[in-house]
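**Student:** let me see the structure of the following:
(one chain, ligands or ions: 2)
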Amino acid sequence: MKTRAIRLYGVNDLRLEEFELPQIAEDEILAKVITNSICMSDHKAAEQGASHKRVPNDVDKNPIMLGHEFCGEIVEVGKKWQDKFKVGSRFSIQPALNYQGTLDAPGYSFQYIGGDATYVVIPHQVMELDCLLPYDGEAFFLGSLAEPVSCVVGTFHAMYHTTNGSYEHKMGIVEGGNMAILAGVGPMGLSAIDYAVHNPDRKPGRLVVTDIDDARLKRAQDLYSVEDAKQNGVELIYFNTKNYSDPNATLMEYTDGKGYDDVLVMAPVRMLVEQADAILAKDGCLNFFAGPNKTDFTASMNFYNVHYASTHIVGTSGGNTDDMRESLHLMEKGLINPAAMVTHIGGLSAVPEAVINLPNIPGGKKMMYTHLDFPLTALTDLAELGKTNEVFAELAKLVDKHNGLWSAEAEAYLLENCKKRIKE
Ligand SMILES: NC(=O)c1ccc[n+]([C@@H]2O[C@H](COP(=O)([O-])OP(=O)(O)OC[C@H]3O[C@@H](n4cnc5c(N)ncnc54)[C@H](O)[C@@H]3O)[C@@H](O)[C@H]2O)c1
Ligand SMILES: [Zn+2]
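**Tutor:** Ligands and ions are numbered 1, 2, ... in the order given. As a prediction, this is how the structure comes out:
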């Protein structure tokens, strides 16, 4: 079986190539990918090449397939898994395998599996660890987004709190507490806001979201309004810190000087980590969610407060399979809607440039349709492009119909009507 895939050979060396996949072994599965969303972590993998933690050292000779947020259909099942997986069924993947203590993950470490491809071979580790998840949802793109959402879900579960005199860590955020999401209106921040406000399990009482990007802040406010949060029992405050000489003072005022029980840092910026530390309440938990691109990334922390105020730090990379199941469940119930994360669509050949330039492209998630071939396109540009392209014109109407969001209906139309396809 031939595949077309985006392969990483080294620092920012991404190539769209066609090659033969090996015949699957008894413990492997052949799958067709339909969607893969681009992640800031792909950008980091490309930027770092072989020095990335998850990328093998010999990637120049044995290139890996990029992309870890994907969804598609099963094509052929090796003998070992035939009782469990059926040809034609849809799947989603939890890529943070943690197989025997290694960091190896689809999209970073393997030659024959990664989401930016038409076909992939799913290795035995994925099934052995129960990381191949059946997906019954209507839209492939939501199956792709289950992965980034699971990282957010996981990180909420990783936060913890303590009680004086006890050595027990109570997992999760403080119910009804003060929470801050710093640098919180990138795609991952949006997902964190959605989860904080809408997950039925545990919510903060007050949620302060900061950023320095006006356009992103405005879109976040339109999508997750202060009124909607209030109806869900959360006082939501958006705060652009850009023009403040002392943003920490304002952040503290929002909590009447008490500080924050839970702080998520969503950009790898030293100043933000130090800000997070400065606004922690007693027993406050600082969560460094962002992935730093430098191995010597450091920031200072107040150790007086670690000692006397029990402040502490966690950091997570990826979610686990339960987090992924929880994400799929919340999406299927309509409690969260990660469609808000998507601002662009594109075809397979548009992936390398989008990955390399990701920090310079405005908006949120880029949803790539791996069997289609069209440039990266902002949802907000569809109407204009539609003047000369009838498919885009219809897509613009569908996006409009769904309040500016990408939807199962728009996806189905695109898959059916896009004329330029990747050669198979
Ligand atoms: N832990 C995980 O499992 C996991 C999973 C996916 C992504 N990530 C990481 O999470 C981070 C967020 O992802 P994203 O896709 O939303 O990234 P992003 O870069 O699109 O968003 C980050 C936001 O930070 C804002 N920002 C930058 N500097 C700031 C500052 N000094 N003050 C306030 N705001 C500032 C930007 O305006 C932007 O809105 C990235 O570092 C990504 O690599 C982690
Ligand atoms: Zn990701």
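**Student:** need the contact list for residue 281.
**Tutor:** If you count contacts by CB atoms under 8 Å, 6 or more residues apart in numbering, residue 281 has them with 177, 178, 255, 258, 259, 260, 261, 309. C-betas here are computed from N, CA, C, even on glycine.
**Student:** tell me the one of these nearest ligand 2?
**Tutor:** Distances from ligand 2 to these, taken as CB to the ion, are shortest for residue 260 (25.7 Å).
**Student:** the residue of the stretch 301-424 of the chain found nearest ligand 2: neighbouring residues, count only.
**Tutor:** Closest approach between the stretch 301-424 of the chain and ligand 2, counting by CB to the ion: residue 318, at 7.8 Å. By the criterion of other CB atoms under 10 Å, residue 318 has 23 neighbours.
**Student:** looking at this, it is in a strand?
**Tutor:** No - for residue 318, which was evaluated using DSSP: H, G, I helix; E, B strand; the rest coil, the result is coil, with no strand membership.
**Student:** pretty sure it is touching residue 154, no?
**Tutor:** Yes - counting by CB atoms under 8 Å, residue 154 is a contact partner of residue 318 at 7.0 Å.
**Student:** around ligand 1, pick out the residues from the protein.
**Tutor:** Neighbours of ligand 1 within the chain, by CB under 6 Å from any ligand atom: 39-41, 148, 151, 183, 185-189, 210-213, 216, 241, 266-269, 271-272, 289-291, 316-318.
**Student:** and the residues you listed, which of them are in helices?
**Tutor:** 40, 41, 148, 151, 187, 188, 189, 216, 271, 272 (DSSP state H).
**Student:** list just the nearest of the residues you listed to residue 8.
**Tutor:** Distance to residue 8 across those (CB to CB) is lowest for residue 41, with 12.4 Å.
**Student:** who's in contact with the spatially closest residue to that closest one that is not a sequence neighbour?
**Tutor:** Nearest non-adjacent residue to residue 41, counting by CB to CB, 6 or more residues apart in numbering: residue 291, 5.8 Å away. Residue 291 is in contact with 40, 41, 44, 268, 317, counting by CB under 8 Å, 6+ apart.
**Student:** who does residue 171 bridge with?
**Tutor:** residue 160 (DSSP bridges).
**Student:** in this structure it contacts residue 156, no?
**Tutor:** No - look at residue 171 against residue 156 with CB under 8 Å: they stay out of range, at 9.5 Å.
**Student:** and stretch 57-77, what's buried?
**Tutor:** Within stretch 57-77, the residues that count as buried by 16 or more other CB atoms under 10 Å are 59, 63-72, 74, 76-77.
**Student:** run the chain-centre distance for that stretch.
**Tutor:** Relative to its parent chain, stretch 57-77 has a centroid offset of 17 Å by CA atoms, centre = their mean, to the nearest Å.
**Student:** end-to-end on that stretch?
**Tutor:** By CA to CA, to the nearest Å, the extent of stretch 57-77 from end to end equals 31 Å.
**Student:** just the mean pLDDT for it, thanks.
**Tutor:** With pLDDT averaged residue by residue, stretch 57-77 scores 97.
**Student:** cool, stretch 322-334 as well?
**Tutor:** Averaged over stretch 322-334, pLDDT sits at 90.
**Student:** now what about that stretch, what contacts it?
**Tutor:** 92, 94, 131, 133, 135-137, 142-143, 145-147, 149-151, 153-154, 157, 195, 198-199, 319, 336-338.
**Student:** do you know the pLDDT at residue 294?
**Tutor:** At residue 294, the model reports a pLDDT of 86.
**Student:** distance check, the residue located most distally from the centre of the chain against residue 281.
**Tutor:** Of all residues in the chain, residue 165 has its C-alpha farthest from the mean position, at 37.4 Å, by CA atoms, centre = their mean. Computed as CB to CB, to the nearest Å, the residue 165 to residue 281 distance reads 18 Å.
**Student:** mark which of the contacts of stretch 322-334 are buried, thanks.
**Tutor:** So, by 16+ other CB under 10 Å, the buried ones in the contacts of stretch 322-334 are 92, 94, 131, 133, 135, 137, 142-143, 145-147, 149-151, 153-154, 157, 195, 198-199, 319, 336-338.
**Student:** can you report how many residues lie near residue 240?
**Tutor:** When neighbours are counted by other CB under 10 Å, residue 240 registers 17.
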